[in-house]
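> Using only what follows, build the 3D model:
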Amino acid sequence: MLMKEYRICMPLTVEEYRIGQLYMISKHSNEQSERGEGVEVVLNEPFEDPEHGAGQLTEKRIYLNNKLPSWARAVVPKIFYVTEKAWNYYPYTVTGNDCSFLPKFSIHIETKYEDNKGSNDNIFTSESRNEETEVCFVDIAYDEIPERHYKDSEDLRFFKSKKTNRGLLQEGWIDTQEPIMCSYKLVTVKFEVWGLQTRVEQFVHKVIRDVLLLGHRQAFAWVDEWIGECL
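Next up, the predicted model:
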């Protein structure tokens, strides 16, 4: 098991990102479907939790064959998907992922959003977070993204929002930006297969980090497309 806590700051408020997140996810799902990678929604219904109140439960099948490295494609079936279940009680969400053919593989993500610059070291309870958990700060403007995902229009060092007047994000922007929020994500990856565990768990965390960086980066780069929209 490999657990890491990711902290991703955004030049938004938590309430604004509630809309931006939904827009970003919807846009990504459409793009993936057009490329034949596919996201199949199995379940989408209201859900009531005694602790967190009213929320939404969704279940998806995400087909990932084209995203696997060559060494992984050699050992997985041609039809390969991850089942994702998400309980959304925004600003708190829980997501679980299981593999279609590997019962010993799972990903668990606990997310909390707060209006701060990633300064809350106690946002997750001791029951869910190990003391030795590595904290990884992700800078949406200056961390390097995979070259295939780079677009000039989404380079936040040079992007300025016309509707909010936020940006350009200069070096040290996290210390001076107002408003600012942080996505705290506690990610646990389990792959209990002897001989492959460390390699696979580290690889999956790298993929997750790249996905988080790109998604949050685009959510702000697309801000003029969704800001002011209603849920």
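> in the helix or strand hosting Glu201, what's buried?
According to DSSP states H and E, Glu201 maps onto helix 197-221. Residues of helix 197-221 classed as buried: 197, 200-201, 203-205, 207-210, 212-221 (neighbour count, 16 or more other C-beta atoms under 10 Å). C-beta coordinates here come from the backbone N, C-alpha and C atoms, glycine included.
> same for that helix, what does it pack against?
strand 2-10, helix 14-34, strand 105-114, strand 134-138, strand 181-191 (3 or more C-beta pairs under 8 Å, 6 or more residues apart in numbering; DSSP states H and E).
> Now mean neighbour count, mean pLDDT and distance to Val94 too, for the ones you listed, in CSV please.
Below are the helices and strands packed on helix 197-221 laid out as CSV (neighbours: other C-beta atoms under 10 Å; pLDDT from 0 to 100; distance: least, C-beta to C-beta, whole Å):
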stretch, mean neighbour count, mean pLDDT, distance to Val94
strand 2-10, 21, 97, 15
helix 14-34, 16, 82, 15
strand 105-114, 19, 94, 6
strand 134-138, 15, 97, 20
strand 181-191, 22, 96, 10
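> can those go into a markdown table with extra columns for distance to Arg61?
Converted to a markdown table, the helices and strands packed on helix 197-221 look like this (distance: least, C-beta to C-beta, whole Å):
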| stretch | distance to Arg61 |
| --- | --- |
| strand 2-10 | 24 |
| helix 14-34 | 12 |
| strand 105-114 | 14 |
| strand 134-138 | 27 |
| strand 181-191 | 19 |
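> who wins for proximity to Glu45 among those?
helix 14-34 (16.4 Å; C-beta to C-beta).
> before we move on, back to that, tell me the gap between the helix holding Glu201 and the middle of its chain.
On the basis of C-alpha atoms, centre = their mean, to the nearest Å, helix 197-221 sits 7 Å off its chain's mean C-alpha point.
> In which helix or strand does Ile174 reside?
Residue-wise, Ile174 maps onto helix 173-176 under DSSP H and E.
> So which bits of that helix are buried?
Trp173, Ile174.
> how about Gly118, what does it touch?
Arg7, Ile8, Cys9, Phe137, Ile174, Cys182, Tyr184 (C-beta atoms under 8 Å, 6 or more residues apart in numbering).
> Quick check: next helix or strand after the one helix or strand in the chain whose mean pLDDT sits lowest?
Sorting the helices and strands of the chain by mean pLDDT, DSSP states H and E puts helix 70-73 at the bottom, at a mean of 59. With elements assigned by DSSP H and E, the helix or strand that comes after helix 70-73 is strand 81-89.
> Could you list the paired strands of that following strand along with their orientation?
When pairing is defined by DSSP bridges, strand 81-89 lines up against strand 53-63 (antiparallel), strand 92-99 (antiparallel).
> Quick one: closest of these to Ser128.
Short answer: strand 92-99, nearest of these by C-beta to C-beta, at 9.8 Å.
> Can you give the contact residues for the closest one?
Contacts with strand 92-99, where a contact means C-beta under 8 Å, 6+ apart, come from 52, 80, 82-87, 105-113.
> Report the inter-axis angle for it versus strand 105-114.
170 degrees (axes from the mean of the first three to the mean of the last three C-alpha atoms, to 10 degrees).
> for this structure, which spans come out with low pLDDT?
The chain contains residues with pLDDT under 70 at 29, 31-38, 64-80, 100-103, 230-231.
> ok, back up a step: determine which two of the contacts of Gly118 are furthest apart.
Pairwise distances across these (C-beta to C-beta) peak at 14.3 Å, for the pair Ile174 and Tyr184.
> Many thanks, have a good one.
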